[in-house]
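Peer 1: I would like the atomic coordinates for the input below:
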Amino acid sequence: MALATVFRRSDDGEAPWRLSLTGRILAVNIFALVVLAGGFFYLDSYRTQLIEERSDRIGTEAQLAAAAIAGTPPAAVPNLLTRMGAANQTRLRLYRGEGPPIDSWDRGSPTYVLRDPADEPWRRHVARFMDRAIDHIVGAEVPERFVEPAVDRLGAWPEAIRAEKTGTLTMAIRRAPARTPVISAALPVKGDNAGILLLTSDQRDVVRTVRAERFWLGIVLLVTTALSIALSLFLARTIARPLRRLALAAHRVRLGRSREVQVPRLPSRRDEIGTLARALSDMSQALRQRIDATEAFAADVAHEMKNPLASLRSAIDSLERVSDPELRERLLVVIRDDVRRLDRLITDVSEASRMDAELSRARFESVDVGHMIEQLVEAREARGVINGIRLAFGRPHRGSAVVFGDGQRLARAIENLIDNAISFSPPGGLVQITAMRDGQQVVIRVEDDGPGVPPGERQAIFNRFHSIRPEGEVFGRHSGLGLAIAKAIVEGHTGTISVTDREDNNRGARFSIRLPAAEK
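Peer 2: Reported below is the predicted structural model:
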């Protein structure tokens, strides 16, 4: 694995390098393996425990042997030592004064052999190297080297001298050239065979047992390490790689390449990463649509503003060359109309452009739609309605038509529909407004007596700057943003807006808003 995969450059200013997700997964799993590897050091205490048990056993054997020697005729002592040494795989020596001892090996074969490390295969060298390394790491006490004295006398054995002086059992632990523990026990023998008994034993099985445990622990550790690394890489592959792809795509989107970036959706992933991928993909598509809509909106604004600006420039240019007062007055009227048109257009464009941002920051609350529309109708009638048009509102029961949203924005959407209905209604016409609860929705309808909306235009009229005005209306009085703003507000409240024909066989249009009803 390349270091670049494990380590990543840090951009937060806290550290020059940071561990990647793959490296963290490996680090966590390897830390658990390090804890498991601590079992190697536990083997040192296990070895110490084994040596203590063998020391106790050899001490007991020495005491039994001393008791047996004390009750045996002197002539039978050599044979007794030989039999006991062969039975316990030990070497027994009985010292009487400073002369050579009675040795169990004199009449029998040796019960153990101190092997020369130079004559052993390489595997034993590796094992001894591991022994020394672990002893060094754990700080284990290394016994002195066991060497057979050149002249086998009582004075060559310190434990035998202490046993003679104290009259008690004395133990000593040394290490053979092959690092196996050699345990010796010395104690006085009483009776006719009085002397100092020395029992020695090479405990090769202790080292063999510890090394076997270490070998199997190493096998388990190696297999566990390989499995842990494989699982870590698999986990990193299923987590870090898709996250890296998503991060790269998000980075390219941030650089302004959203149109050429395809954020992977990972349809086969049904976990949190798949959910994140699809959310990022949807977000990038929404961003792309938002960018396209912004560009289209900017182009539409520029196009809509060119018309009054061109008219205004033409009128101003003509005004300088016209001396007829009546013609100059008509040009001034055109200039005033174009200025009002530009002012209205800029106001509507400003509101439309900030609508989404304001809705995203708005604090929604429960809104009684019936009470809100009643206030709108009263305010409109107080200001006066053009052409004698009447407003009729069928108010629902209080609290029956309640939605969760921004009351000020919802009022603006409904007011835009009322303005649109008034502008299309004939003189003396009737605009009917209703609000009712329909299951889990609140339905608001605005109906007029106008010419209605052709079926082919019922979707387009909600586009920005798209306007179908009644015959005889002065051009430029409306910006074509009223219904687009109403649609943005309704959709910002997860609602829908549509237009159909009236159902009472009368001419006119019916605009319907459907909003989720607030939970009671």
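Peer 1: How much space separates residue 385 from residue 112?
Peer 2: For residue 385, the distance to residue 112 equals 121 Å [Cβ to Cβ, to the nearest Å]. Every C-beta, even on glycine, is put in place using the N, C-alpha and C of the backbone.
Peer 1: Can you show me the strands along this protein?
Peer 2: 7-9, 17-19, 91-95, 102-103, 170-175, 181-189, 195-202, 365-368, 390-394, 402-405, 430-438, 441-447, 496-501, 509-516 (DSSP state E).
Peer 1: Stretch 132-144: how far from the chain's middle?
Peer 2: 44 Å (Cα atoms, centre = their mean, to the nearest Å).
Peer 1: For it, list every residue counted as buried.
Peer 2: Of all the residues in stretch 132-144, those buried under the rule 16 or more other Cβ atoms under 10 Å are 134, 140, 143.
Peer 1: now stretch 47-54
Peer 2: Under 16+ other Cβ under 10 Å, the buried positions of stretch 47-54 are 47, 50, 51, 54.
Peer 1: Now the first one. Nearest residue, chain neighbours left out?
Peer 2: When the adjacent residues along the chain are set aside, residue 47 lies closest to residue 210, with 4.7 Å between them (Cβ to Cβ, 6 or more residues apart in numbering).
Peer 1: Next, the contact list for that neighbour, please.
Peer 2: By Cβ atoms under 8 Å, 6 or more residues apart in numbering, the contact set of residue 210 is 43, 46, 47, 50.
Peer 1: Kindly indicate which of the residues you listed lies nearest residue 165.
Peer 2: The shortest gap between residue 165 and any of these belongs to residue 50, at 30.0 Å (Cβ to Cβ).
Peer 1: Let's have the buried residues of stretch 132-144 in TSV, adding distance to residue 363 and pLDDT.
Peer 2: What follows is those, written out as TSV (distance: Cβ to Cβ, whole Å; pLDDT from 0 to 100):
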residue	distance to residue 363	pLDDT
134	68	71
140	71	73
143	81	85
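Peer 1: Which one of those is nearest to residue 463?
Peer 2: Nearest member of the buried residues of stretch 132-144 to residue 463, counting by Cβ to Cβ, is residue 134, at 80.5 Å.
Peer 1: check contacts around the closest residue to residue 426 other than its chain neighbours.
Peer 2: In space, and not counting its chain neighbours, residue 426 is closest to residue 449: 6.0 Å by Cβ to Cβ, 6+ apart. For residue 449, the contact set (Cβ under 8 Å, 6+ apart) comprises 425, 426, 429, 430, 431, 506, 507, 508.
Peer 1: gap between residue 284 and residue 212?
Peer 2: Applying Cβ to Cβ, the value for residue 284 to residue 212 is 61 Å.
Peer 1: So for those two, which sits in the more crowded spot?
Peer 2: Legend: neighbour count by other Cβ atoms under 10 Å for residue 284 and residue 212, higher for residue 284 (19 against 10).
Peer 1: mean confidence score for stretch 147-157?
Peer 2: Here stretch 147-157 scores 90 as its mean pLDDT.
Peer 1: ok, now stretch 373-381?
Peer 2: The pLDDT scores in stretch 373-381 average 90.
Peer 1: what sits up against that stretch?
Peer 2: 391, 393, 395, 411, 414, 415, 418, 433, 435, 444.
Peer 1: Filter the buried residues of stretch 47-54 down to the ones in helices?
Peer 2: 47, 50, 51, 54 (DSSP state H).
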